[in-house]
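K.L.:
Pasting the sequence and the predicted model now:
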Amino acid sequence: MSKNIVGLARQSPRIEIGTPFDTSSLEGKTILITGGASGFGAGFAKRWAESGATIIIGDIDSTQGKALVDELRKETSNASHQFLYCDVTIWQSQVDFFRKAVELSPNGRLDQVVANAGIEEAGTKLNEPQNLDQEEPPEPQFKTVDVNLKGVLYTTHLALFWLPRNPSTSPDFKPDRHLLLIGSVASLIPFAGHIQYSIAKHGVLGIFRSLRATAFQHGVRVNLLLPYFMDTPMIHPVGRAFLAGIGMGKHEDVVEAATRFAADTSIRGRALAVGPRVKLDDNGNLLPPDAQQAKEISSFEVYAHDFEEVEAFTLRYVKILNAVEAGRGYIGWAGDIVKAICSPFVSWFKS
Ligand SMILES: NC(=O)c1ccc[n+]([C@@H]2O[C@H](COP(=O)([O-])OP(=O)(O)OC[C@H]3O[C@@H](n4cnc5c(N)ncnc54)[C@H](O)[C@@H]3O)[C@@H](O)[C@H]2O)c1
């Protein structure tokens, strides 16, 4: 029995990294970005607003968020871009943010959600035990986990509530319902001295790997971006000192990879790690930086083959979801037929 669920989970084929893509699909879309006042989120906002999307930013940094939205409105002559205060660690704050965003959205819906808000390690450092001369350690503060994992879980939960409400307005119109998760290379590798950050980002990877097997059920596509160290305000001076000579990735490469996910609505269930640019030969072997006429890339697919051979539980689970989906389609069609037959009577009754 085949244990390949690529088709059943609607995972799209390998991304042809380096091939051009068209951003015209972003025109008229409403995109919600948590933590969009700074860094990557601000980069996504600018690029996607230029392509005709309306951007709704939720962040705790009201000063920078409002200034960015003013700039977007001016640059794109679109007064619909919005900043809303939102603390992703507080459930009601995110609930209010999503509800208000839908009210303010020019098309009355959310087309895409980016779970981007994040902080660097803050709160208790698990690798630095405290109060060793006392009877008990102090109560730990898991602020990084609160923002980078609990906040993302809240955003994911709300995205899965609002995106499926984005309706098919005609038989040929397939709405885009996209959730883009922002992980990190710390989702993939140990991050010494940053245990909370690693836990949180491994958790984001867990959300992605599990959710992409079932999100098709609600017509939602889920993708994941995993940046390496990049020069954004999140990297403190000490971090920069540690990274001296190692090389950071480029902010614009992260924005480019995220834009591919946002604009190419056929991409589903894929993850791209983005790091410093490297040169490769045609077989994917690393070349020296001064190699002439070599392909230079910064994005690499990760966790691409999970669905090619799954264990029996996942196979059975996803098959059942497909059966439910098929049944729902039949019932939906039958419902439409009944509505069509009844509509003259309903109109007569209403008049
Ligand atoms: N910069 C990097 O090297 C790097 C690498 C890998 C992953 N990332 C991830 O990229 C995402 C964006 O980070 P960035 O580098 O652009 O950092 P940044 O500091 O420039 O931006 C993060 C934004 O999140 C906001 N934020 C923080 N706490 C919040 C809260 N409780 N509620 C709402 N908003 C909050 C901040 O105000 C800020 O605007 C994060 O998830 C981060 O973990 C960054």
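P.N.:
Nice, I can see it. Residues are numbered from 1 along each chain as shown.
K.L.:
quick one: A213 from the ligand, how far?
P.N.:
23 Å (Cβ to the nearest ligand atom, to the nearest Å). The way it works is simple: take the backbone N, C-alpha and C, and place the C-beta from them, glycine included.
K.L.:
what do you get for I195?
P.N.:
15 Å.
K.L.:
separation between that residue and H202?
P.N.:
10 Å (Cβ to Cβ, to the nearest Å).
K.L.:
Over to V274?
P.N.:
V274 sits 18 Å away from H202, taking Cβ to Cβ as the criterion.
K.L.:
If you count surrounding residues, which of the two has more?
P.N.:
Taking neighbours as other Cβ atoms under 10 Å, V274 and H202 compare with V274 leading, 25 against 18.
K.L.:
which SS state does that one fall under?
P.N.:
Secondary structure, DSSP: H, G, I helix; E, B strand; the rest coil: V274 is strand.
K.L.:
Tell me who's in contact with it.
P.N.:
225-228, 230, 249, 253-254, 257, 298-299 (Cβ atoms under 8 Å, 6 or more residues apart in numbering).
K.L.:
Flag the least confident of the residues you listed.
P.N.:
Within these, M230 has the lowest pLDDT, namely 85.
K.L.:
hey, what's it bridged with?
P.N.:
G249 (DSSP bridges).
K.L.:
That one touches L243, doesn't it?
P.N.:
No. Using Cβ atoms under 8 Å, M230 makes no contact with L243, being 10.1 Å away.
K.L.:
Looking at the two, which one has more neighbours?
P.N.:
Neighbour totals were compared for M230 and L243, and M230 leads with 21 against 14 (other Cβ under 10 Å).
K.L.:
For A213, see how far away that one is.
P.N.:
Distance, M230 to A213, by Cβ to Cβ: 29 Å.
K.L.:
could you pull out the helices for the stretch 201-350 of the chain?
P.N.:
237-243, 251-263, 312-350 (DSSP state H, counting those that start in this stretch).
K.L.:
name the helices or strands packed onto the second one?
P.N.:
Other helices and strands packing on helix 251-263, by 3 or more Cβ pairs under 8 Å, 6 or more residues apart in numbering; DSSP states H and E, are helix 39-50, strand 178-182, strand 221-227, strand 271-280, strand 295-302.
K.L.:
where's the fourth one relative to the chain centroid, distance-wise?
P.N.:
From the chain centre to the centre of strand 271-280 is a distance of 18 Å (Cα atoms, centre = their mean, to the nearest Å).
K.L.:
and stretch 287-306, C-alpha only, in PDB?
P.N.:
Coordinates of each C-alpha in stretch 287-306 appear next as PDB, following Å, rounded to 0.1, in the frame of the first residue of the first chain:
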ATOM      1  CA  LEU A 287      31.800  26.800  -5.300                       C
ATOM      2  CA  PRO A 288      34.300  29.400  -4.100                       C
ATOM      3  CA  PRO A 289      32.800  32.900  -3.800                       C
ATOM      4  CA  ASP A 290      34.900  34.200  -6.700                       C
ATOM      5  CA  ALA A 291      33.600  31.500  -9.100                       C
ATOM      6  CA  GLN A 292      32.600  33.100 -12.400                       C
ATOM      7  CA  GLN A 293      29.200  32.500 -14.000                       C
ATOM      8  CA  ALA A 294      27.900  30.300 -11.200                       C
ATOM      9  CA  LYS A 295      24.400  30.300  -9.900                       C
ATOM     10  CA  GLU A 296      24.100  32.400  -6.700                       C
ATOM     11  CA  ILE A 297      21.300  31.300  -4.400                       C
ATOM     12  CA  SER A 298      20.200  32.000  -0.800                       C
ATOM     13  CA  SER A 299      17.100  29.800  -0.400                       C
ATOM     14  CA  PHE A 300      17.000  26.100   0.100                       C
ATOM     15  CA  GLU A 301      14.000  23.800   0.500                       C
ATOM     16  CA  VAL A 302      13.700  21.900   3.800                       C
ATOM     17  CA  TYR A 303      11.400  19.200   5.000                       C
ATOM     18  CA  ALA A 304      10.400  18.700   1.400                       C
ATOM     19  CA  HIS A 305       9.900  14.900   1.500                       C
ATOM     20  CA  ASP A 306       7.900  14.300   4.700                       C
END
